[in-house]
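J.: Let me see the structure of the following:
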Amino acid sequence: MTEEKRDNYWAMMKEGKYRAFRNLPVGWVLQIIHSTDKTERWFRIVCEITILSAVYFLLISADIVSESWFTFLVTFIVVHSLSWFLVGNFWVYMLDSFKWVKNPGIDGTIKYLNFVNLVYRKVDCCDAVLVYGSMCRSMFHGRSDLDLRIIRRTDSIKGLLAIPIGFFLRAYSFFIIMPVDFQVVDSIDFIKNQMRDDEYPIVVLKRKTFYLDNLGMTFESVAKDSSVVLKEYQIQNKV
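T.: Below you'll find the model as predicted:
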């Protein structure tokens with residue numbers, strides 16, 4: 001195989017028609033752990049190890065299966081797969097791999113954000129809930145994912161609750177087929193290292209004592225007229 005053909009195949013594995021063969025195994029193995037902040041990363045790892053151990057020893061103690069490395073491997077695959085489906089941003093990898101996968105539209109996305117806002121406002125465990133990505137750049141369309149960042153409180157033990165609540169909200173997004181890149185972070189500095197310079201976040205929720213600079217549209221204004229964040233709106237009104 002020539003070097004040019006190898007480069008073409010690699011390009012198709014990254015962005016072309018074969019990208020699912022790269023995205024899905026990587027997504028299953030890593031499950032966004034490589035891109036999460038340190039507290040959420042360790043929380044996820046500890047939770048999965050705990051659940052894996054509990055399920056494995058429950059199966060052994062109940063004499064459902066015999067103790068073996070094969071049993072442990074099968075248990076790991078099942079637990080790790082369920083973790084990917086429910087709390088691993090599964091639909092983001094699917095969206096990036098297959099053209100038939102779409103988000104639930106701007107109305108469904110606003111509805112999901114309203115639910116996120118309701119849950120985090122009631123528990124009061126985060127400093128801010130922010131939307132980045134295509135929506136804050138007014139380029140949202142049917143195949144956009146939702147870049148959602150939760151800045152947990154670090155001045156209270158309640159801030160740790162933001163992580164399991166994030167797991168619940170990821171699981172909810174799986175069932176409504178909402179491709180959401182959902183992260184719970186420790187500080188705004190972690191987000192700044194990820195996002196583009198021209199992305200000014202839409203503020204879904206913010207504590208009064210928490211300072212943010214370079215803010216974009218308010219979530220209330222977007223919910224009132226969601227067309228302003230759509231790519232089609234920008235094209236139609238382009239001067």
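J.: How about residues contacting the strand or helix carrying residue 51?
T.: Element membership for residue 51, per DSSP states H and E: helix 38-61. Residues outside helix 38-61 that contact it (CB atoms under 8 Å, 6 or more residues apart in numbering) are 31, 33, 36, 65-67, 71-72, 75-76, 78-80, 83, 87, 152, 160, 163-164, 166-167, 183-186. To be clear about C-beta, it is placed using only N, CA and C from the backbone, and glycine gets the same treatment.
J.: residues contacting residue 97?
T.: Here residue 97 is in contact with 19-20, 23-24 (CB under 8 Å, 6+ apart).
J.: Of these, which belong to helices?
T.: Counting by DSSP state H, the members of these that fall within helices are 20, 23-24.
J.: All the helices of this protein, residue numbers only.
T.: 3-14, 20-30, 38-61, 69-87, 90-97, 105-123, 162-175, 188-192, 219-224, 231-236.
J.: before we move on, back to that, mind putting the contacts of residue 97 into CSV with distance to residue 212?
T.: Shown next, in CSV, are these (distance: CB to CB, whole Å):
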residue, distance to residue 212
19, 35
20, 37
23, 32
24, 35
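J.: With neighbour count added, can I get those residues in CSV?
T.: Converted to CSV, these look like this (neighbours: other CB atoms under 10 Å):
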residue, neighbour count
19, 17
20, 15
23, 19
24, 17
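J.: Out of those residues, which two sit at the greatest distance?
T.: Spatial extent of those (CB to CB) is set by the pair 19 and 24 at 9.1 Å.
J.: pLDDT value on the closest residue to residue 202 other than its chain neighbours, please?
T.: Excluding the flanking residues, the one nearest residue 202 by CB to CB, 6 or more residues apart in numbering is residue 131, at 4.1 Å. Listed pLDDT for residue 131 reads 97.
J.: May I see the domains of the protein written out as residue ranges?
T.: Here the domain parsing of the chain from automatic domain parsing is 3-97, 105-236.
J.: Near residue 194, how many residues? Count them for me, please.
T.: 15 (other CB atoms under 10 Å).
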